[in-house]
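Asks: One predicted model, sequence on top.
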Amino acid sequence: MQLSRAIDAFAAHLENVRRLSPATVRAYRADLADLVAAAGDRELDAVDLDALRDWLWRATQRGDARSTVARRTSSARALFRWAREEGLVETDPSLRLVTPKRGRTLPHVATADSLDELLKRMAVAAGEGDPTALRDHAALELLYGSGVRVSELCGLDVDDIDLERGTARVLGKGSKERVVPFGAPAARAVSGYLSRGRPVLAARSEGAGGALLLGARGGRMGPRAVYALVARTVGPAMGVETAGPHALRHSAATHLLDGGADLRAVQEILGHASLGTTQIYTHVSTERLAAAYRLAHPRA
């Protein structure tokens, strides 16, 4: 079997058997497409250890991050592990690959004051009644107020929101459902959008269905639109050229821990499978504390 056909079959296995999210399957495909580009579309059993090492070496030479190379190593291992189980190859050449150590990079977070000022400005703009401004305000308040992923935000339906309790039911990674809380500002923003913004947007299309956040044409708002929204609003507030929805998720988690929230409670809110993933935010809080000390203490 050719490498490209094997990747197609592997992707189908990930989607239909392992039930991984479309985004995760696309990530595997992208990593393995890079292998095809480097090694050529040869027979699967002709891909040996040298070919894999050359592929990863090329990635490092063009400046790919260590995290990217590590992820691609994992993708190759997953492909050949599956191929070995399916009897497509006799030996697994990826077993002797060395995974590069990932460098620890702390996520960038916005200050609570900068986000407060931004969201106040958006509330004023939404108060003028423009449906898009109402939607954008609700989207950012939910992203920051609940710490959800952008895919979870875009997947929300109206029925998933409980304004009385201040909770949202989201479908996270691995199709795991959880209920996340959000505060009064987000509740007010969503309430205003539902009463004055969404009906206008929904009237522009018959395909709105039950989606909470609607695009300009009335369909469900997609992740790209949310990325663009965050880039033009949160980016300037953080003083960075590029900022995505995860910046608000990072900020929410860090501010929760700064405020004394329990680490496991933050893990549940974020939907992390491992507590170790959540612990990165304790390092962010420590770094912020150390920076404040160095700036303010006369003996620093």
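Replies: Happy to help now that I have it.
Asks: Let me know the helix or strand that residue 117 is in.
Replies: helix 112-126 (DSSP states H and E).
Asks: Which strands and helices lie in contact with that helix?
Replies: Using 3 or more CB pairs under 8 Å, 6 or more residues apart in numbering; DSSP states H and E, the elements in contact with helix 112-126 are helix 131-146, helix 184-192, helix 223-238, helix 245-258. Placement of C-beta: from N, CA and C, glycine included.
Asks: Same list (the ones you listed) but as a markdown table, adding mean pLDDT, mean neighbour count and distance to residue 114.
Replies: Formatted as a markdown table, those follow (pLDDT from 0 to 100; neighbours: other CB atoms under 10 Å; distance: least, CB to CB, whole Å):
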| stretch | mean pLDDT | mean neighbour count | distance to residue 114 |
| --- | --- | --- | --- |
| helix 131-146 | 95 | 25 | 11 |
| helix 184-192 | 95 | 20 | 15 |
| helix 223-238 | 89 | 17 | 5 |
| helix 245-258 | 87 | 22 | 9 |
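Asks: Nearest to residue 203 among the ones you listed would be which one?
Replies: Ranking the helices and strands packed on helix 112-126 by proximity to residue 203 (CB to CB) places helix 131-146 first, at 9.6 Å.
Asks: by how many degrees do the closest one and helix 223-238 diverge?
Replies: 70 degrees (axes from the mean of the first three to the mean of the last three CA atoms, to 10 degrees).
Asks: and the protein, what are its domains?
Replies: Domain ranges of the chain: 3-96, 112-245, per automatic domain parsing.
Asks: Low-confidence ranges, the stretch 201-300 of the chain, go.
Replies: Flagging of the stretch 201-300 of the chain using pLDDT under 70 yields the residue ranges 206-207, 240-241, 281, 283-293, 295-300.
Asks: how close does the spatially most central residue of the chain get to residue 195?
Replies: Centroid-nearest residue in the chain, with CA atoms, centre = their mean: residue 149, separated by 5.1 Å. Noted for residue 149: a distance of 26 Å to residue 195, by CB to CB, to the nearest Å.
Asks: Same check on residue 250?
Replies: 31 Å.
Asks: One more: residue 98?
Replies: For residue 98, the distance to residue 195 - CB to CB - is 57 Å.
Asks: Return the list of helices and strands in contact with the longest helix belonging to the chain.
Replies: In the chain, with assignment by DSSP state H, the single longest helix is helix 66-85. Counting contacts by 3+ CB pairs under 8 Å, 6+ apart, helix 66-85 is packed against helix 3-16, helix 22-39, helix 49-61.
Asks: coming back round to it: what's the mean pLDDT across the helix holding residue 117?
Replies: Averaging pLDDT along helix 112-126 gives 93.
Asks: got the angle between that helix and helix 223-238?
Replies: Using the same axes, to 10 degrees, helix 112-126 lies at 120 degrees relative to helix 223-238.
Asks: Need the CA coordinates for helix 112-126. CSV is fine.
Replies: Written as CSV, here are the backbone C-alpha positions of helix 112-126 (Å, rounded to 0.1, in the frame of the first residue of the first chain):
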residue,chain,number,x,y,z
ALA,A,112,-7.5,41.6,34.1
ASP,A,113,-7.6,45.4,33.9
SER,A,114,-7.0,45.5,30.1
LEU,A,115,-9.7,42.9,29.5
ASP,A,116,-12.1,44.8,31.7
GLU,A,117,-11.5,48.0,29.8
LEU,A,118,-11.9,46.1,26.4
LEU,A,119,-15.2,44.4,27.4
LYS,A,120,-16.6,47.7,28.8
ARG,A,121,-15.9,49.3,25.4
MET,A,122,-17.6,46.4,23.6
ALA,A,123,-20.6,46.7,26.0
VAL,A,124,-21.0,50.3,25.0
ALA,A,125,-20.8,49.4,21.3
ALA,A,126,-23.3,46.6,21.8
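Asks: Brilliant, that's me finished.
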